[in-house]
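Novice: Sharing a model that was predicted from the sequence below.
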Amino acid sequence: MFFGTYNHTIDGKGRTSLPARLREALAAAGEPRIVLLRNSHSRSLLALPQSQWTELAKKVAAASPFDALMQRNVLKFVASAHEVDLDIHGRVLVPPPLREWAGLAKEVVWVGMGGYIQLYDQAAYETEMAAEIPVAERIDFFKV
């Protein structure tokens, strides 16, 4: 499981460090790499463990090529996926099309979301955090 919020930088070549705690969680799960793809809910990237990506790919492969909504989602989001390895310093190279789409500039934020990770440009993250959640959409996690 991935938790926490971590501020980092991304260099001109698109390299950014995956925070140590997130790397440790990947290693503990025996995950060798992550897959980066567009997030369908915000201008951010999803970072999925390889095994989670494999399960998603199986679902995509099982989808009908005649299901227009599914094929649109495949085109817009799944087709953007890039498998990335961590270098010996724990850095990942974010491909240019994903950097551009998410607007990743100098300051970035890695966010552990339980089963996956999100990568935001810092300004986009701050905007997301400042946005109000409509009352009807709030979830009471602590309700018994």
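Specialist: Great, that's in hand.

Novice: can we go C-alpha only for contacts and neighbour counts from here?
Specialist: Will do.

Novice: in this protein, which spans are helices?
Specialist: Using DSSP state H, the helices of the chain run over residues 20-28, 50-62, 68-76, 96-102, 122-130.

Novice: what about those, which gets the closest to residue 43?
Specialist: helix 96-102 (4.9 Å; C-alpha to C-alpha).

Novice: can I assume residue 53 is in contact with residue 36?
Specialist: No - using C-alpha atoms under 8 Å, residue 53 makes no contact with residue 36, being 9.4 Å away.

Novice: Give me the more crowded residue out of these two.
Specialist: residue 36 (27 against 19; other C-alpha atoms under 10 Å).

Novice: Of all the helices and strands in the protein, which has the lowest average confidence?
Specialist: Sorted by mean pLDDT, DSSP states H and E, the helices and strands of the chain end with helix 68-76, the least confident at a mean of 79.

Novice: tilt between that helix and helix 50-62?
Specialist: Going by axes from the mean of the first three to the mean of the last three C-alpha atoms, to 10 degrees, helix 68-76 is angled at 140 degrees with respect to helix 50-62.

Novice: I am assuming residue 8 contacts residue 17, so please confirm or correct that.
Specialist: Yes - using C-alpha under 8 Å, residue 8 is in contact with residue 17, at 7.0 Å.

Novice: Between those two, which is the more surrounded one?
Specialist: Counted by other C-alpha under 10 Å, residue 8 and residue 17 do not tie: residue 17 has more neighbours, with 20 against 16.

Novice: How about the contacts made by that one?
Specialist: 8-10, 89-92 (C-alpha atoms under 8 Å, 6 or more residues apart in numbering).

Novice: per-residue pLDDT, it?
Specialist: Looking at residue 17, its pLDDT stands at 96.
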